[in-house]
Each structure stands twice: as C-alpha cells, then as structure tokens.
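S.K.: need a 3D model of the following:
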Amino acid sequence: MTATETATLTERLIRIGEVARGAGVSVRAVRYYEQQGLLIAERSPSGQRLYRQDAISRVRFFQQMFAAGLTSRRITELMPCWDAGHTDADQRAMLRAERDRIQAKIDDLQAARDRLDEVIAITDNHP
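M.R.: Numbers count the residues shown, from 1 in each chain. Predicted coordinates:
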C-alpha cells in the first residue's frame, strides 16, 4: 500500500478518542466493546486503533441496548440486523422477547411509581 493510499484510508477512519467523545463514553468502554466483538478496529502503522465513522452511532446503540438490560451476547446477535437492515424469523422472535422483557420492567417501574405517589399523597395529608 502506498503512502497516499494509507493516508486516504486513515482519513476515513477515526481514532478511539474521537469515537468515545462522539458517543459520550469512555475510551475504556470503546475498548470493552472491541473486546466483546461488537466493534472492529483497524490499526494505523503506529499501532493506534482506528474505527469507521459509523462506530459512534454503533456505540450509542450499544449504550441504549445495555441500558435496556441486553447482554453483550444479545447485542452481538443484533448486529447482523443493524448491518443488513433486516432480520430473519429467529432474530425477530428474539427482538420481540427482549421488547416484552423491557415492557415488563417498565410496567413494574410504573407500578412502583404509582405506589409511591399513593404514599406521598397520604403523607401530604398527615403532618
């Protein structure tokens, strides 16, 4: 590969710190995602990790899925959907099951909030 080709390739890729800043996570988190096989880094001639531009949106997606309670394994299963823009029947079933699990958590949290509202209302009427 010529120096020009290397420079052109490097210009299209971003460094780990840029991914972390763009996604609002730590560099350590980006490395973790790479260790889990969720991100793939190329290496510069000096050994620096370089990522495609879409790494920022991918990391944001990972953060959302982790916040929803999905495991790294589940997120890895979702990545072909992300890449291809479509799913197969098994992937759709898994997605629906995860959605149902998340909805159950939301329902539990709403019930807990409603109960707290009741307690607050009762205590507001009694000094």
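S.K.: which neighbouring elements make contact with the helix or strand where residue 103 lies?
M.R.: Per DSSP states H and E, residue 103 falls inside helix 89-124. Other helices and strands packing on helix 89-124, by 3 or more C-beta pairs under 8 Å, 6 or more residues apart in numbering; DSSP states H and E, are helix 72-84. For the C-beta atoms, the positions are set from N, CA and C on the backbone; glycine is no exception.
S.K.: remind me what the helix it packs on packs against, helices and strands.
M.R.: For helix 72-84, the packing partners by 3+ C-beta pairs under 8 Å, 6+ apart are helix 55-67, helix 89-124.
S.K.: picking that back up, list the buried ones in the helix holding residue 103?
M.R.: Of all the residues in helix 89-124, those buried under the rule 16 or more other C-beta atoms under 10 Å are 94, 98.
S.K.: just checking, next helix/strand downstream of the helix or strand of the chain with the lowest mean pLDDT?
M.R.: Counting by mean pLDDT, DSSP states H and E, the chain has its least confident helix or strand at helix 3-12, which shows a mean of 52. Tracing the chain C-terminally past helix 3-12 and defining elements by DSSP H and E, one meets strand 13-15 next.
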